[in-house]
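Visitor: next come a sequence and a model predicted from it.
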Amino acid sequence: MPESAVGSGAGSGDVLVMVGTTKGAFLFTSGPERGEWQVDGPHFPGEEVYALALDQRGSGPVLWAAPGNAFFGTTLRRSRDLGASWSDKDERPVKFPEDSGLSLKHIWQIAPGPAADPDVMYLGVEPSCLFESRDGGTSWGPVQGFLEHEHRERWTPGNGGLCLHTIVQHPDDREKMLVAFSTGGVYSTEDGGASWRPRNVGVRTEFLPDKYPEFGQCVHKVVNHPSRPERLFLQNHWGLYRSDDWAESWQDIANGVPSDFGFCMAMHPHDPDTVYIVPMESDMFRCCPEAKMRVYRTRDGGASWEPMTEGLPQEDAYETVLRDALTTDTGAPAGVYFGTRSGKLYASADDGDSWMLVQDGLPPVVCVKAGVLA
């Protein structure tokens, strides 16, 4: 078990793992070896924290969190001292325009923008919309082309709500971006957000009469690697896919996995052919197949998958890992982390080859983000 800490106490080269739960956020820190951990928290006790981010583009690291609850709504908070203090909870800069008829329910994703422009940030929210800030997160506004999209009235919520949970930025072209949301699927822009079109060719919808509609897919996560941005990997509500043409088309890569249903997906920080997933048995029984806790890894772009089990329970593991509860850091070898709905946090310091239980007894984990402090 990690030791408790007052403040993160982390410094340059240390690893920070941010864990969002249904009852607050926790910060775990370790040295570069990632063998022993300290924990600080809960931050925002009693509040749901579905989105967290570490932004290191400016002069110092900034932590972002989106705590909230059903009674008082969602806020956006930041810390410039690694969690020792946070911005005022009464600040509510993220709002839909009054004439839109929409109101903010959750912030599902916090995404720092291009490295060359530290003032640009993005949010994915519920009801599905993309928000943008150009002043470092002080003020926010919806991306109008997405807010006013002609398909909006036909988008329907999935089991988790009508949530925009994935933002994929193109590293070489600031005009290009992909978003994914449930249930709508993948949409892209190539003109800086002025217009958006669905990009779901080949992705099936088991729950609709038309199995391959233009939009309406329940996409759970999309990832890519900046060294090969056109190649994308997608975890669907039933289905694992890869695209080699910036989502113009998708191919099934569910080869040798016990189930192609799942929520989470994470990219290796250094290898564009390596991706991690945690399959679930089915949409009706959202637990590890055969009650075995297994992280599956591909090292060949989805041609094959191998189960990572060392240090993970292989019996009676009725665990669920949600869409943002699996992540990697930028270490070498890479650190891989995931949290479960039963409140467990696992970590690997060797690309996923072996695992350790960092913490048990947390509230249900809904978000895990990690980084090496610069």
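Guide: The structure has been received and is ready for your questions.
Visitor: just the helices in this structure please.
Guide: Assigned by DSSP state H, the helices in the chain fall at 144-147.
Visitor: which residues sit in contact with Leu345?
Guide: Val17, Val19, Phe28, Tyr337, Phe338, Gly339, Leu357, Val358, Gln359, Leu362, Val365, Val368 (C-beta atoms under 8 Å, 6 or more residues apart in numbering). C-betas here are computed from N, CA, C, even on glycine.
Visitor: surely the third one meets Val39?
Guide: Yes: under the criterion of C-beta atoms under 8 Å, Phe28 lies in contact with Val39, with a separation of 5.3 Å.
Visitor: give the bridge partners for Glu132, please.
Guide: Tyr122, Gly141 (DSSP bridges).
Visitor: so which residue is smack in the middle of this protein?
Guide: Among the residues of the chain, Asp324 comes closest to the average C-alpha position under C-alpha atoms, centre = their mean, at 3.5 Å.
Visitor: per-residue pLDDT of that one, please?
Guide: pLDDT, Asp324: 98.
Visitor: can you pull up the bridge partners for it?
Guide: When bridges are called by DSSP bridges, Asp324 pairs up with Cys367.
Visitor: test my guess that it contacts Tyr50.
Guide: Yes: if you go by C-beta under 8 Å, Asp324 and Tyr50 touch, sitting 7.3 Å apart.
Visitor: tally of neighbours for Cys287?
Guide: Look at Cys287: counted by other C-beta atoms under 10 Å, it has 18 neighbours.
Visitor: leaving out chain neighbours, which residue sits closest to it?
Guide: Among residues not flanking Cys287 along the chain, Tyr318 sits closest, at 4.5 Å (C-beta to C-beta, 6 or more residues apart in numbering).
Visitor: number of residues surrounding that neighbour?
Guide: Tyr318 sits with 15 neighbouring residues when counted by other C-beta under 10 Å.
Visitor: list phi and psi for it.
Guide: Backbone torsions of Tyr318, given as degrees, to the nearest 10, read phi -90, psi 70.
Visitor: show the pLDDT at it.
Guide: So Tyr318 comes in at 98 (pLDDT).
Visitor: where does the chain have low pLDDT?
Guide: For the chain, applying pLDDT under 70 flags the ranges 1-9.
Visitor: go again with 90.
Guide: 1-12, 58-60, 69-73, 88-93, 158-161, 183, 206-208, 374 (pLDDT under 90).
Visitor: hmm, what's the outermost residue in it?
Guide: If you look at how far each residue of the chain sits from its centre, by C-alpha atoms, centre = their mean, the farthest one is Asp99, at 30.1 Å.
Visitor: how much space between that one and His151?
Guide: Distance of Asp99 to His151, given as C-beta to C-beta, to the nearest Å: 19 Å.
Visitor: if we can go back for a sec, mutual contacts of Asp324 and Tyr50, please.
Guide: Common neighbours of Asp324 and Tyr50 (C-beta under 8 Å, 6+ apart) are Gly20, Trp108, Val366, Cys367.
Visitor: pipe these into TSV and attach neighbour count and distance to Ala70 per row.
Guide: TSV is the format used below for the shared contacts of Asp324 and Tyr50 (neighbours: other C-beta atoms under 10 Å; distance: C-beta to C-beta, whole Å):
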residue	neighbour count	distance to Ala70
Gly20	29	16
Trp108	27	15
Val366	22	15
Cys367	26	18
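Visitor: farthest pair in those?
Guide: Farthest-apart pair in the shared contacts of Asp324 and Tyr50 is Gly20 and Trp108; separation 10.7 Å (C-beta to C-beta).
Visitor: overlap in contacts of those two?
Guide: Here Gly20 and Trp108 share the contacting residues Tyr50, Ala51, Asp324, scored by C-beta under 8 Å, 6+ apart.
Visitor: tally of neighbours for the second one?
Guide: Per other C-beta under 10 Å, the neighbour tally for Ala51 reads 27.
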